[in-house]
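>>> Give me a model of this one.
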Amino acid sequence: MTSTTSYPTLSPAFGRCPLPLRHRVLIALYALELGRQSRAEILAINDVTEADLQEFQADWLRMRRRGRVKA
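Have a look, this model is predicted:
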């Protein structure tokens, strides 16, 4: 039996995502890191731009560092 992982996506037909821009950017950055979709597709699905990614990149890097710190 083969297991496939399904990742939720938002259809453009549903309009704007209810999440704040910062959260959509963080999700997009993680998706880009995974590399399972094209960059253009990830940006479109999350309704973010390259400028948005740059604006919140420092937040994402800070979160990544915090997640790697052992208690």
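>>> contacts and neighbour counts: CA atoms only from here.
Will do.
>>> ok, now which ones touch Trp60?
26, 29 (C-alpha atoms under 8 Å, 6 or more residues apart in numbering).
>>> Quickly find the element holding it.
helix 50-68 (DSSP states H and E).
>>> Give me the buried positions along that helix.
52-53, 56-57, 60 (16 or more other C-alpha atoms under 10 Å).
>>> Residue ranges in this protein under the pLDDT threshold?
1-17, 67-71 (pLDDT under 70).
>>> which residues in it form helices?
21-34, 39-46, 50-68 (DSSP state H).
>>> just checking, what packs against the second one?
By that I understand helix 39-46. Secondary-structure packing of helix 39-46 (3 or more C-alpha pairs under 8 Å, 6 or more residues apart in numbering; DSSP states H and E): helix 21-34.
>>> So which residues make contact with the helix it packs on?
So helix 21-34 is contacted by 37-39, 42-43, 46-48, 52-53, 56, 60 (C-alpha under 8 Å, 6+ apart).
>>> again, only this time at 6 Å
46, 53 (C-alpha atoms under 6 Å, 6 or more residues apart in numbering).
>>> returning to that earlier point: what angle sits between the helix holding Trp60 and helix 21-34?
Interaxial angle of helix 50-68 relative to helix 21-34 (axes from the mean of the first three to the mean of the last three C-alpha atoms, to 10 degrees): 70 degrees.
>>> As PDB, could you dump the C-alpha coordinates of helix 50-68?
What follows is helix 50-68, C-alpha atoms only, in PDB (Å, rounded to 0.1, in the frame of the first residue of the first chain):
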ATOM      1  CA  GLU A  50       8.500  38.300  -4.300                       C
ATOM      2  CA  ALA A  51       8.500  41.700  -2.400                       C
ATOM      3  CA  ASP A  52       6.300  40.100   0.300                       C
ATOM      4  CA  LEU A  53       8.900  37.200   0.600                       C
ATOM      5  CA  GLN A  54      11.700  39.800   1.100                       C
ATOM      6  CA  GLU A  55       9.700  41.800   3.600                       C
ATOM      7  CA  PHE A  56       9.200  38.800   5.900                       C
ATOM      8  CA  GLN A  57      12.300  36.800   5.200                       C
ATOM      9  CA  ALA A  58      14.000  38.000   8.500                       C
ATOM     10  CA  ASP A  59      10.900  36.700  10.500                       C
ATOM     11  CA  TRP A  60      11.200  33.400   8.800                       C
ATOM     12  CA  LEU A  61      14.900  33.100   9.400                       C
ATOM     13  CA  ARG A  62      14.400  34.000  13.100                       C
ATOM     14  CA  MET A  63      11.700  31.300  13.400                       C
ATOM     15  CA  ARG A  64      14.000  28.700  11.700                       C
ATOM     16  CA  ARG A  65      16.800  29.500  14.200                       C
ATOM     17  CA  ARG A  66      14.400  29.300  17.200                       C
ATOM     18  CA  GLY A  67      13.100  25.900  16.100                       C
ATOM     19  CA  ARG A  68      16.600  24.500  16.000                       C
END
